[in-house]
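Asks: Fold the stuff below for me.
(one chain, ligands or ions: 2)
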Amino acid sequence: MTVPGPVLITGAAQRSGLHLAKVLLAQGQPVIFSYRTHKPGVDELLALGAVGIQADFASDAGILALATAVKQQASGLRAVIHNASDWALDGEDAQAAAAVFRQMFQVHQQAPFLLNLELQPLLLAEVERSGQMTDILHITDDVVRRGSDQHAAYVASKAALQNLTLSFASRFAPHIKVNAIAPALLAFNAGDDAAYRARTLAKSPLGIEPGFAVLSQTVLFLLQQPYMTGAILPLNGGRHVKA
Ligand SMILES: NC(=O)C1=CN([C@@H]2O[C@H](COP(=O)(O)OP(=O)(O)OC[C@H]3O[C@@H](n4cnc5c(N)ncnc54)[C@H](OP(=O)(O)O)[C@@H]3O)[C@@H](O)[C@H]2O)C=CC1
Ligand SMILES: Nc1nc2c(c(=O)[nH]1)N=C([C@H](O)[C@@H](O)CO)CN2
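Replies: Ligands and ions are numbered 1, 2, ... in the order given. Predicted coordinates for the structure are as follows:
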């Protein structure tokens, strides 16, 4: 059996991206990952045979440098998974708010947009080699359904990424599928206090902190099925049915 082309995961130094990279590597799927800050997860993935590329999406040059580095590492790609994200609060004043908005736009819209355009030839090369469709996955956020009073720029940028899913699904068919996963709470962050945790768990009918495995399971599902593109999967514990 021939080895598939690598899967590119952005922002895989920790948490969801790190978990997903390990799951794919354990299945014999080659992985290229990007990271902004060198964290212990980077060394874990390198030790497992993944290719790591440092990249900061704050500038277009940083985004395009990643695309160039990926092209130097691989002649084809099985999938591109846009996981990198910054969950920033809105700025306090207009100047700070403008800076946060630009920051959100860069990581959640500009990076997926430019990387999809730059890496489409590698995704098509893999189709040519394998005879199978390839994939782009956008990781968005369930809160796009409702908006947020404190993370407005973050949510707006995730909403735009969700919309990019529809455009790229149409543009890249029939050889490349483009889908989105819109999670609600996956896992708390270290600094989340008990009151915040209780409030957040109460937002969904299932009321659990599922952990990162549910995202990895959903990714594997989307990679393995041949008849979904332009889909936005709500991985949210049923929040959309709760009043
Ligand atoms: N965790 C959750 O409960 C939820 C997660 N999601 C979404 O799921 C995905 C994974 O979440 P999670 O694992 O918590 O993500 P993280 O908050 O851990 O972010 C993942 C990585 O993105 C990187 N990143 C941030 N900004 C940039 C940038 N400008 N350039 C390059 N890399 C950058 C970070 O790098 P660095 O290490 O340098 O900071 C970080 O390691 C995200 O898209 C998130 O929005 C949605 C809803 C809930
Ligand atoms: N990049 C990130 N985005 C989000 C995170 C995170 O930790 N990093 N966390 C959340 C929360 O879990 C939220 O879904 C809880 O309601 C949202 N986005």
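Asks: Contacts only, for the most centrally placed residue in the chain.
Replies: Centroid-nearest residue in the chain: residue 83, 2.0 Å away (criterion: C-alpha atoms, centre = their mean). If a contact means C-beta atoms under 8 Å, 6 or more residues apart in numbering, then residue 83 has 9-12, 16-17, 20, 139 as its contacts. Bear in mind the C-beta positions are built from the backbone N, C-alpha and C, glycine included.
Asks: Take the residues you listed and keep only those in helices.
Replies: Among those, the residues falling in helices (DSSP state H) are 16-17, 20.
Asks: and ligand 1, which of those residues contact it?
Replies: Restricting the ones in helices among the contacts of residue 83 to those near ligand 1 by C-beta under 6 Å from any ligand atom leaves 16-17.
Asks: Top of the ones in helices among the contacts of residue 83 by number of neighbours, please.
Replies: Counting neighbours by other C-beta atoms under 10 Å, the top entry in the ones in helices among the contacts of residue 83 is residue 20, with 27 neighbours.
Asks: Other residues contacting stretch 106-113?
Replies: Residues outside stretch 106-113 that contact it (C-beta under 8 Å, 6+ apart): 10, 57-60, 63, 82, 84-86, 138, 154, 157-158, 160-161, 164.
Asks: Rebuild the ones in helices among the contacts of residue 83 as TSV, extending it with distance to residue 102.
Replies: Output for the ones in helices among the contacts of residue 83, formatted as TSV (distance: C-beta to C-beta, whole Å):
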residue	distance to residue 102
16	24
17	23
20	28
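Asks: for the ones in helices among the contacts of residue 83, which one is nearest residue 187?
Replies: residue 16 (7.9 Å; C-beta to C-beta).
Asks: How about the contacts made by that closest one?
Replies: By C-beta under 8 Å, 6+ apart, the contact set of residue 16 is 83, 139, 186-187, 212, 215-216.
Asks: Check residue 48 too.
Replies: Contacts of residue 48 were listed using C-beta under 8 Å, 6+ apart, and they are 21-22, 25.
Asks: how about the strands in the chain?
Replies: 7-9, 31-35, 51-54, 79-82, 134-139, 176-183, 232-235 (DSSP state E).
Asks: could you dump those to a markdown table with mean pLDDT and mean neighbour count?
Replies: A markdown table is the format used below for the strands of the chain (pLDDT from 0 to 100; neighbours: other C-beta atoms under 10 Å):
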| stretch | mean pLDDT | mean neighbour count |
| --- | --- | --- |
| strand 7-9 | 99 | 27 |
| strand 31-35 | 99 | 26 |
| strand 51-54 | 98 | 17 |
| strand 79-82 | 99 | 27 |
| strand 134-139 | 98 | 26 |
| strand 176-183 | 98 | 24 |
| strand 232-235 | 98 | 18 |
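Asks: With distance to residue 111 added, can I get those in TSV?
Replies: Formatted as TSV, the strands of the chain follow (distance: least, C-beta to C-beta, whole Å):
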stretch	distance to residue 111
strand 7-9	12
strand 31-35	9
strand 51-54	13
strand 79-82	7
strand 134-139	11
strand 176-183	15
strand 232-235	19
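Asks: In a markdown table: these, plus distance to ligand 2.
Replies: Below are the strands of the chain laid out as a markdown table (distance: least, C-beta to the nearest ligand atom, whole Å):
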| stretch | distance to ligand 2 |
| --- | --- |
| strand 7-9 | 14 |
| strand 31-35 | 14 |
| strand 51-54 | 18 |
| strand 79-82 | 12 |
| strand 134-139 | 9 |
| strand 176-183 | 7 |
| strand 232-235 | 10 |
